[in-house]
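dropping the sequence and predicted coords here.
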Amino acid sequence: MNGKKVFFLKNAMLIGNLVSHAISWMMISTFSHHSPAIEMSKAWKLGKKLDYYSSPVFITLLILVTVMYEKPIRKFISLKFSNEHIDEKLEQKAKKRLLNEPFIFVVFNFTLWATGAVVYSVVLKYLDYNCQVVNVIMQSIFHVAMINAVITFFLLEKVSQVRMAPLLFPEGHLVSVPGTAKVSIRKKLLAFYFAGTMLPFIFLVSRVQWVFVFSKNLEEVTDLMNATIFSMSFLFMTLGLFLTLLVSGSFARPLKEISATLKEVRKGRFTRRVTVRSNDELGNVGDVINEMNLGLQDRERIKKEYDKKQREYSRDLEKQVEERTKELTEANSKLLESNFMIRATNRKIMDSLRYAQVIQESILPKGLKVEVANGFVIWQPKDVVGGDMYYVERFETGFVISVIDCTGHGVPGAFMTMIAAAGLRRVLKDEKEFDPAEILKRLNRIVKTTLQQDTEYAGSNDGLDAAVAKVDLEDMSLTYAGAKLRLALVNGNVSFIRGDKQSIGYKDSDLDFEYKNHKVNLDLGTSFYLYTDGFVDQLGGKKGFMLGNKRFGRLLKDVNSYPYEEQRLMLLKALEEYQGDYERQDDLTVVGFGLCKDACGWLSSHGKMTG
C-alpha cells in the first residue's frame, strides 16, 4: 500500500468526524437563512462573523484531540504497513481506542457545540439582544448538537467497520476486548428512530413557535410557515436518507457475509470466513460462525487423516491377518498340547491331594466320641488339605482335647499337622502325660528338634499355635494351657482364657519355656470352645473388617442355648453371611463341648474311662 493510501487510512476517522461537523454547519446555515424576524437575522449574521473567526480554532482543536487520541492507532498502522514488530500492549491499546472512538467523539462534539451555544448566547446578551432571540438561537444550536451526536456516532462506526476493523481485527473477536463500550443493535435502532422522527418533530414544533412569536401579520405567518415546512422537510428527508444508508450498511454488510459463509458451510466448504466488523450481536455471531468453521475444518482434517490411515491399515490388514492366523494356529496347537499336559499333571496333583486328604483325615478323631461330653467339631481346610487339626485322648478319669494351628495352609500346613499329631501321640499315649502345660512344653521340644530348628543351620522356621484342655471328672475341673490360642467359656456370659504368647517349635521359641495352666471348675451349664484364628480373622461385613473375638463371643452367646449340632450349623451360617463375597482367609477349626447330665454318675458306675 502506497503512502497516500496509508495517509487516508490513518485519517479516515478524522475525515468522518469533519464531515459530521460540515453537515451540522449546513443545518445552522439553513436555519439562519429562514429566520422569521429582522432581529433574528441580525443575530444569525453576527453568528456567522463569530464562526468566521472561531471555526479555525474549532477545527484545529478537533484535529489535535483526534490525533492525540488516535496516536496508538496511527502508530499501529505505520508499523503494520512497514512490516515491523508490533508490541502486544500497543496492539491492545489501539484496538481499545478504535472501539471507543465513536463514543468518545460523540461526547466531545456535543460538548463543543453546547459550549458554542452558551458562548454565543452570552455574547448576544452582552450586546442587548432580545431574550427571545437569544433563547431561539441557543435552542437551535443545541438541536444541531444532538443531530451532530447521532451523525458522528453512525458515521464514525461506519468508517470503523469498513476501513479500520478489518485491519486491526483480522481474526475478529471484537467482543472480547476489555474496557470497551458496547451498544446493542436494539439501542442503535432506537437512536436511529430518535434521529429520524423525534428530532425533526422537535425542530418543527420549535420553528412553528418562532414563526408565531416573531411574525407581525397572518400573511407573514403563512409565508414563513410554508418556507419553514419546505426547508425542514427537505433537510430532514436528506438527513434521514443519509442516516438510513449508514445504518442499513452497518447491518447489511455483515448479514450478507454471514449468509454467504453459511451457504459455503452447507456445501461442505469451511474455508470462508466472516469479516467481523463490530462488537455487537452481529459481530458475536460472526465470531461464533468463524469458530464453528475452524472446528469443522479440524474435523475434516482429522477425518481425512483417519481415512488415509484406515486405507493404509486395510492394505496391511489382510497380510497381518494371514501371518497372525498362521502364528495363532501354531500357538493353538502348542496350547492344546500344553493344556493336555497341564490337565494330566493337574489330575495327578489333585489325585495326590485327595489321597493326602484321606491320610490327614485318618489321623483326626471322628468327632469327639467321649461318653461323658456332648459337642461338635468344625474342621474346614482352606484348600484340599490344611494346617489345622484337633485331637482327643481319654485317660482314666477324663479326657484331653487339643486344637492346633500349624504354619501356613495347604500341603505345607498338612505336613506340619503330621508332625504335630505324631508329637501329641508320643506325649499322650507313650509318655502318659496329661497335664496341658507339660504337653505344650514337650510338644514344643519335639517339633523344634524334629525340624532341626534348634540348630543354627536350620533351613526352615515353622511351628504352630495350640490349645490343650484337660477335663478331669474326679475333681470336676478343666485345666487349660494355650500357645497363642484362647479358650472360650459360655455360661450365660462369655469369657475368654488367653494362652501364653509363646508359639511352639519356631526358631525363636524358647526350648525350655514353661507354659501356664488355667484351672476352672466344671458344671453342667458351661460350654467350652477351642478354636483357631481362621474363624475370627475372616474378612467380611460392609467394610471388610475381620470378624474378631468380640463378634465371635456374641455368636457363641447367641447359639449356646441350642443343641451342639445346631450350634455348629448356626456358626457356619453366620460365618458365611459375614464373609459374603470375600475369600476364605485361613483354615478353620472350632471344637465346642460340655459335660453330659449323667457324667458324674457314669464315672461312679464305671470307675475309669477306657481308652
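Alright, I've got the coordinates.

state the distance from residue 540 to residue 458.
Distance, residue 540 to residue 458, using CB to CB, to the nearest Å: 37 Å. (Glycine included, C-beta is placed from N, CA and C.)

kindly report the same for residue 512.
When distance is defined by CB to CB, residue 512 is 18 Å away from residue 458.

more neighbours: these two, which one.
Summary of the neighbour comparison: residue 512 and residue 458, criterion other CB atoms under 10 Å, with residue 458 having more neighbours (13 against 7).

what's the neighbour count on the residue nearest to the more buried one when sequence neighbours are not counted?
Closest residue in space to residue 458, ignoring its immediate chain neighbours: residue 452 at 5.0 Å, by CB to CB, 6 or more residues apart in numbering. Burial of residue 452 is recorded as 12 neighbouring residues (other CB under 10 Å).

am I right that residue 452 is in contact with residue 461?
No. In this structure, residue 452 sits apart from residue 461 without contact. The criterion is CB atoms under 8 Å, and the distance is 11.1 Å.

in what helix or strand does residue 445 lie?
Applying DSSP states H and E as the criterion places residue 445 in helix 436-450.

now do residue 487
With the criterion set as DSSP H and E, the secondary-structure element containing residue 487 is strand 486-491.

now tell me what touches the helix or strand following that strand from outside.
Next along the chain after strand 486-491, taking DSSP H and E as the criterion, comes strand 493-498. Under the criterion CB atoms under 8 Å, 6 or more residues apart in numbering, residues 480, 482, 486-489, 518, 520, 549, 553-554, 556-557 lie in contact with strand 493-498.

for strand 493-498, what is the average pLDDT?
Averaging pLDDT along strand 493-498 yields 93.

give me the angle between it and strand 486-491.
160 degrees (axes from the mean of the first three to the mean of the last three CA atoms, to 10 degrees).

let's have the chain start at 53 instead
Understood, numbering begins at 53; the last thing we discussed is strand 545-550.

what does the strand holding residue 539 contact?
Here strand 538-543 makes contact (CB under 8 Å, 6+ apart) with 519, 521, 532, 546-551, 570, 572, 575, 577-583, 601, 604-605, 608-609, 612.

which among those residues count as buried?
519, 521, 532, 546, 549, 551, 570, 572, 578-583, 601, 604-605, 608, 612 (16 or more other CB atoms under 10 Å).

among the residues you listed, name the ones in strands.
Assignment to strands by DSSP state E places the following of those there: 519, 521, 532, 546, 549, 570, 572, 579-583.

residues contacting the residue lying closest to residue 566 once chain neighbours are set aside?
The spatially closest residue to residue 566, leaving aside those adjacent along the chain, is residue 493, at 6.6 Å (CB to CB, 6+ apart). Listed by CB under 8 Å, 6+ apart, the contact set of residue 493 reads 564-567.

adding secondary structure, pLDDT and distance to residue 241 as columns, could you present those in CSV?
Listed next are those as CSV, based on DSSP: H, G, I helix; E, B strand; the rest coil; pLDDT from 0 to 100; distance: CB to CB, whole Å:
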residue, secondary structure, pLDDT, distance to residue 241
564, coil, 90, 108
565, coil, 93, 103
566, coil, 94, 107
567, coil, 95, 103
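
filter those residues down to the buried ones.
For those, buried by 16+ other CB under 10 Å: 565, 567.

from memory residue 114 sits against residue 69, does it?
Yes. With contacts counted by CB under 8 Å, residue 114 reaches residue 69, the gap being 6.7 Å.

tell me what the helix or strand containing residue 385 is packed against?
With elements taken from DSSP H and E, the one containing residue 385 is helix 333-414. Other helices and strands packing on helix 333-414, by 3 or more CB pairs under 8 Å, 6 or more residues apart in numbering; DSSP states H and E, are helix 270-318, helix 462-477.

which of the ones you listed is buried the deepest?
Looking across the helices and strands packed on helix 333-414 with neighbours counted as mean count of other CB atoms under 10 Å, the highest average goes to helix 462-477: a mean of 20.

what's that helix in contact with?
With CB under 8 Å, 6+ apart as the test, helix 462-477 has contacts from 405, 408, 412, 415, 433-441, 443, 445, 454, 456, 458-460, 491, 494-495, 498-499, 502-503, 514, 516, 518, 639.

one more: stretch 121-140?
53, 58, 61-62, 65-66, 119, 142-143, 145-146, 149-150, 153, 156, 216, 219-220.

show me the shaky parts of the stretch 103-252 of the chain.
In the prediction, the stretch 103-252 of the chain carries residues with pLDDT under 70 at positions 103-106, 176, 179-186, 188-189, 248.

quick one, helices of it?
123-133, 140-178, 183-211, 217-220, 237-245, 251-266 (DSSP state H, counting those that start in this stretch).

okay, buried residues for the fourth one please.
Residues of helix 217-220 classed as buried: 217, 220 (neighbour count, 16+ other CB under 10 Å).

what packs against that helix?
For helix 217-220, the helices and strands in contact under the criterion 3+ CB pairs under 8 Å, 6+ apart are helix 123-133, helix 140-178.

could you export that helix as PDB, CA atoms only?
In PDB, the C-alpha atoms belonging to helix 217-220 read as follows (Å, rounded to 0.1, in the frame of the first residue of the first chain):
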ATOM      1  CA  ALA A 217     -11.800  -3.000  12.000                       C
ATOM      2  CA  PRO A 218     -10.600  -5.500   9.200                       C
ATOM      3  CA  LEU A 219      -7.100  -4.100   9.700                       C
ATOM      4  CA  LEU A 220      -6.900  -4.200  13.500                       C
END
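
what about that helix, distance to the chain center?
Between the mean C-alpha location of helix 217-220 and the chain-wide mean there is a distance of 40 Å, by CA atoms, centre = their mean, to the nearest Å.

residues contacting residue 563?
Taking CB under 8 Å, 6+ apart as the definition of contact, the neighbours of residue 563 are 496-497, 500, 506.

save those as TSV, and put in neighbour count and pLDDT too.
Converted to TSV, the contacts of residue 563 look like this (neighbours: other CB atoms under 10 Å; pLDDT from 0 to 100):
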residue	neighbour count	pLDDT
496	26	92
497	19	93
500	22	89
506	14	86
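
pick the one among these closest to residue 359.
Within the set of the contacts of residue 563, residue 500 lies nearest residue 359; the separation is 75.8 Å, counting by CB to CB.

in this structure that closest one contacts residue 560, no?
No. Checked against CB under 8 Å, the pair residue 500 and residue 560 is beyond contact range at 10.2 Å.
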